[in-house]
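J.: Structure of the sequence below:
(2 chains)
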Amino acid sequence: MTLQREKRQYSWGMVVDVDKCTGCQACVLACQAENNVPLNLQDRFERARAMSWIRVERYWEGEFPDIKARFIPIMCQHCENAPCEPVCPVFATYHNNEGLNVQVYNRCVGTRYCANGCPYIVRFFNYWEPVWPEAFRNHLNPDVTVRSRGIMEKCSFCIQRIRRGVRNAERENRDVIDGEIQTACTQACPTDALVFGNFNDEDSKVSKMKKDDRHYTLLPHLATDPNVVYLAKIDPDRSAGASHG
Amino acid sequence: MAALLEFLREKHRTTPLWLKVLIPILGLGTLGVVAVTGAVLAFVITAWLGQPIPVLGFDQSIEQPIPFSHTIHAGTGVYENSLGDQVQGLGMDCTFCHRTVTTQANAGIPPVQFCAYCHQVIGKDQSEPLTQIRMAAGVIGDDPHPINWKRVHRMPDHVRFVHEPHIRYLTANPEAITNSTSGVKTGAAGVCSTCHGDVASMTKTVTQVEPLKMGQCVNCHRDNNAPTDCASCHH
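T.: Below is the predicted model of the structure:
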């Protein structure tokens, strides 16, 4: 039972211009720092238990020496028809009226059904109590819960920043200005490949970018209706008009 | 028969003393079990509904490093200070010291230098708490150091409580102030007392008077048409 998009005040979403992405991983680092994501040490990678709410996937195209690297940042798509939501037995993940797929940490009992249901592999389970080096203790973001062992976690679209932005707008008795609220990854992106905003606002940057011919969503055949829209890579070698996908 | 007596004597010799004491106590039977279970259940139920009974270290009154008096600063009556003198309460606004409460998430404890703005001149030299304040602020001696105040109202880690919108709403809508523990209904003290009780009349240390459980939060949010989305507080 999700609200219709038109009836919402906000419908938060992101547009990722893959053509601008250089694969620098600044978004990954910014997310890690903003959201108290545990450090991925070597043993975590070796056990395939590394966590990163946003990751930059790399693909090789062509054969050496005529080879090209392709990058695509992938985070929680905040699907309108999210496969993770109906499987949760305790309603720890649900869709709120701002278009966000929300994970409630204190409700989660760690069944991991949602991670199994997610086709984008963006949900991560805390197999261990998160441990930071002693020097990092006071570097944790106080606005974000530190997830303990046995809790599922994922990209929240930096909901703490959304809340702060909406709160500031309410205090000053105005609407949220487009571009005022930025997630950690969009703020860190040096080429503005990631843009965050309100899809319900027709004049917002994301709404305009979404109308671009290059737009597509990930795994569209699953009909998850994601709130993250990708803009395809422009390939100068190919003939014009054949650049979709 | 003789064998049985021999067996019992053997048992009596080998049974340790603590078992000899424990077995009769356990033997008190059903009545004791019912009483103990009832006491435990009463404790759990009260802790669930509100605050636990102040026994076994669940006492809510927290000893502060310096016996700061909220009554003399915020109250309006006549109070006894640390030297035993009768002094008139100042009736100061809560936000005079807890300044960030109207703009930020935390109400904020003022730095000790803030205390010293007034107290380098106000207050007698003999007063022990004031001497500590002046030493901590560097007015006396040359070892300024922060005071490690103990936190009284603590939210669990999965709750993100922000003071600012609550203060803003209650200041604009005084009719929403529904405090059962004090009659204060006006001004900043009335706004704060909705959750913190009448701090201005707490003679010794500040204690938590409201349960501040999620049920209380949600009831108030429903009454005032505030968001009840989980992600409003849990993120």
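J.: and chain A, which of its residues are near chain B?
T.: When proximity is defined as Cβ under 8 Å from any Cβ of the partner chain, chain A approaches chain B at A:94, A:96-97, A:100, A:102, A:104-107, A:142-146, A:156, A:159-160, A:163, A:167, A:170-171. Using the backbone N, CA and C atoms, a C-beta is placed for each residue, glycine as well.
J.: so where do the strands sit in chain B?
T.: For chain B, the strands defined by DSSP state E cover B:78-80, B:86-88.
J.: Those into CSV, with extra columns for mean neighbour count, mean pLDDT and distance to B:His166?
T.: Below are the strands of chain B laid out as CSV (neighbours: other Cβ atoms under 10 Å in any protein chain shown; pLDDT from 0 to 100; distance: least, Cβ to Cβ, whole Å):
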stretch, mean neighbour count, mean pLDDT, distance to B:His166
strand B:78-80, 14, 87, 29
strand B:86-88, 11, 88, 31
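J.: what helices or strands is whichever helix in chain A runs longest leaning on?
T.: Using DSSP state H to define each element, chain A has its longest helix at helix A:159-171. With contacts defined as 3 or more Cβ pairs under 8 Å, 6 or more residues apart in numbering or on different chains; DSSP states H and E, helix A:159-171 has these neighbours: helix B:163-172.
J.: Residues contacting the helix it packs on, please?
T.: Helix B:163-172 is contacted from outside by A:167, A:170-171, B:100-107, B:176-177, B:188, B:190-192, B:194-195, B:224, B:226, using Cβ atoms under 8 Å, 6 or more residues apart in numbering or on different chains.
J.: Among the residues of chain A next to chain B, which lie within helices?
T.: A:159-160, A:163, A:167, A:170-171.
J.: Give me the buried stretch members for the longest helix of chain A, please.
T.: Buried residues in helix A:159-171, counted by 16 or more other Cβ atoms under 10 Å in any protein chain shown: A:159-166.
J.: So what's the residue count around A:Phe45?
T.: 10 (other Cβ atoms under 10 Å in any protein chain shown).
J.: name the element it belongs to?
T.: helix A:42-46 (DSSP states H and E).
J.: Let's have the strands of chain B in a markdown table, adding distance to A:Pro190.
T.: Supplementary listing: the strands of chain B in a markdown table, determined by distance: least, Cβ to Cβ, whole Å:
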| stretch | distance to A:Pro190 |
| --- | --- |
| strand B:78-80 | 60 |
| strand B:86-88 | 61 |
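J.: Export those to JSON lines and append columns for distance to chain A.
T.: Output for the strands of chain B, formatted as JSON lines (distance: least, Cβ to the nearest Cβ, whole Å):
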{"stretch": "strand B:78-80", "distance to chain A": "36"}
{"stretch": "strand B:86-88", "distance to chain A": "36"}
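J.: Where does the prediction get shaky in chain B?
T.: B:27-30, B:51-60, B:179-188 (pLDDT under 70).
J.: and it, which residues reach chain A?
T.: So chain B meets chain A at B:105, B:156-158, B:160, B:162, B:164-165, B:168, B:229-232, B:234-235 (Cβ under 8 Å from any Cβ).
J.: For the residue positioned nearest the centre of chain A, give me the pLDDT.
T.: Ranked by distance to the mean C-alpha position of chain A (Cα atoms, centre = their mean), the top residue is A:Met75 at 3.4 Å. Taken from the predicted model, the pLDDT recorded for A:Met75 is 95.
J.: how close does it sit to chain B?
T.: Going from A:Met75 to chain B by Cβ to the nearest Cβ, to the nearest Å gives 16 Å.
J.: surely that residue meets A:Cys185?
T.: Yes. Contact criterion Cβ atoms under 8 Å: A:Met75 and A:Cys185 qualify, at 7.1 Å.
J.: Identify the contacts common to those two.
T.: By Cβ under 8 Å, 6+ apart, the residues touching both A:Met75 and A:Cys185 are A:31, A:54.
J.: Show me where chain A has its strands.
T.: Under DSSP E, chain A gives strands at A:12-17, A:55-63, A:66-74, A:93-95, A:101-103, A:124-125, A:152-153, A:194-198, A:215-216, A:228-231.
J.: And the closest residue to A:Glu180 other than its chain neighbours, how close does it get to B:Cys115?
T.: Distances taken as Cβ to Cβ, 6 or more residues apart in numbering or on different chains place A:Gly165 nearest to A:Glu180, at 5.4 Å, with adjacent residues excluded. Per Cβ to Cβ, to the nearest Å, A:Gly165 is found 35 Å from B:Cys115.
J.: show me what contacts A:Arg58?
T.: Contacts of A:Arg58 by Cβ under 8 Å, 6+ apart are A:23, A:69-71.
J.: quick revisit: of the strands of chain B, which is nearest A:Gly117?
T.: strand B:78-80 (62.2 Å; Cβ to Cβ).
J.: Need the outlier residue of chain A, farthest from its centre.
T.: Chain A, Cα atoms, centre = their mean, max distance from centroid: A:Pro65 (33.7 Å).
J.: Low-confidence regions, chain A specifically.
T.: Using pLDDT under 70, chain A drops low at A:1-7, A:237-245.
J.: bridging residues for A:Trp60?
T.: A:Ala69 (DSSP bridges).
J.: Please list all residues in contact with it.
T.: A:Trp60 neighbours (Cβ under 8 Å, 6+ apart): A:67-70.
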